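> fold the following, please.
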Amino acid sequence: MKSDIKRRWHGFWQLADPKIWIASTVPMLAAAALAYNLKGTFNLYWFIWTLTGIYLIEIGKNAINEVVDYNSGVDTFVKEDERTAFSGGKKTIVDGKLTVFEAKVIAVLTMAVAALIGIYISVYREPKVFIIGVIGFLLSIIYSLPPFKLAYRGLGELTVGLTFGPLIVLGTYLVQTHTISPVIILVSLPIGLLITNVLWINQYPDYNADKKGAKMNWVVRLGREKAIVVYILLFALSYLSLFLIFIVFRNPFWLLPFVSIPLVIEAIKTARKYYDNVPELILANLRTVQVYQLFGLLLFLAAILDKVF
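I've put the predicted structure just below:
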């Protein structure tokens, strides 16, 4: 009995994978900083509720994805010498940490609690956020769940970019300020583009398994070499949108995220050279994640400093 409880406990946290929660933390922090910058307001209580709800949706999405990838064979097709820390899936079912049924229970419970939190926020804080919440909630479910399986149909990248960019930024900002501004969408663009690039390069280690399991993401559709062109383009569009943000705010603090450019250059050089060599490509995976984190932190600081100075 104790061994089962311990197994499930470890399995849950392996599935939850808190280290990747930075993906949703970045847009929420950016939105909170924008609320302070544009409206001079920040409500910690409602920020924590928003944060909790989105984290639970992430866990639920991971659980759904785990079950679907296991049933499709994608998780079992990944060779040990090709599996990296950046590979998709959490391997909880493959490793025997969770059963398929237990992963389904986690998905249902976390999504249910997240839905209740969303309703609570909509009723007691901001009714208009309900629509944004429903869209994000549904996208997180149909990302992997049949018959939709967006991640298997070449729509996963768009879904991730839209969710972690405009939807989370707009939703968090709306909860904080009760308003929406076009400039919020602009600020969300580089965040969405960069998190899409994190997903894009992280699909490389699983390329063979995804192809075998008919998970037709765009790296599989284009092929590893051609997909690098899109990887570079996504970086370029991210920094172009940052320059547009600078033009709108007219404050040099908004140029701070350009500090991350050396990491981008190293990531691109590595990806172009080692796109078909999984062990050597890891550096590009790491640098892409670091770009997202550093860019997001500096965007947050830019919004604060722009307000203060």
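> contacts for the helix or strand of the chain with the lowest mean pLDDT, please.
Ranked by mean pLDDT, DSSP states H and E, the helix or strand of the chain with the weakest confidence is helix 74-77, at a mean of 72. Applying CB atoms under 8 Å, 6 or more residues apart in numbering, the external contacts of helix 74-77 come out as 66, 69-70, 88-89, 91, 93-94, 206, 208-210, 212-213, 215. Every residue, glycine included, has its C-beta placed from N, CA and C.
> switch to 6 Å and redo it
With contacts defined as CB atoms under 6 Å, 6 or more residues apart in numbering, helix 74-77 is touched by Asp69, Gly89, Val94, Ala209, Lys212, Gly213, Lys215.
> now stretch 283-297
22, 26, 86, 194, 197-198, 201-202, 257, 260, 263-264, 266-267, 270-271.
> if you rank those by neighbours, which is first?
Within the contacts of stretch 283-297, most neighbours by other CB atoms under 10 Å means Leu194, with 31 neighbours.
> Tyr239 is in contact with that residue, correct?
No - with contacts counted by CB atoms under 6 Å, Leu194 stays clear of Tyr239, the gap being 9.6 Å.
> how about Pro166, phi and psi?
For Pro166, the backbone dihedrals (degrees, to the nearest 10) come out as phi -60, psi -40.
> now Asn43: closest residue in space, sequence neighbours ignored.
In this structure, Asn43 finds its nearest non-sequential neighbour in Gln176, 5.9 Å apart by CB to CB, 6 or more residues apart in numbering.
> so which strand or helix has that neighbour?
Using DSSP states H and E, Gln176 falls within helix 168-177.
> so how far is the least confident helix or strand of the chain off the chain centroid?
Relative to its chain's centre, helix 74-77 lies at 22 Å (CA atoms, centre = their mean, to the nearest Å).
> buried set for that helix?
Neighbour counts over helix 74-77 (16 or more other CB atoms under 10 Å) mark Val74, Asp75, Thr76, Phe77 as buried.
> could you point out which element follows that helix?
helix 100-124.
> and the average pLDDT for the very next helix or strand once past that next one is what?
Following helix 100-124 in sequence order, the next helix or strand is helix 129-142 (DSSP H and E). On average, the pLDDT along helix 129-142 is 96.
> what is helix 129-142 packed up against?
The contact analysis (3 or more CB pairs under 6 Å, 6 or more residues apart in numbering; DSSP states H and E) places helix 129-142 against helix 100-124, helix 168-177.
> apply 8 Å and report the result again.
Under the contact criterion of 3 or more CB pairs under 8 Å, 6 or more residues apart in numbering; DSSP states H and E, helix 129-142 touches helix 44-72, helix 100-124, helix 168-177.
> check which helices and strands the first one sits against.
Looking back up the chat, that one is helix 44-72. Judged by 3+ CB pairs under 8 Å, 6+ apart, the packing partners of helix 44-72 are helix 2-16, helix 22-39, helix 74-77, helix 100-124, helix 129-142, helix 168-177.
> ok, how many other residues are close to Tyr36?
That count, for Tyr36 with other CB under 10 Å as the rule, works out to 18.
> go ahead and confirm it touches Asp306.
No - Tyr36 lies out of contact with Asp306 (CB atoms under 8 Å); the separation is 9.8 Å.
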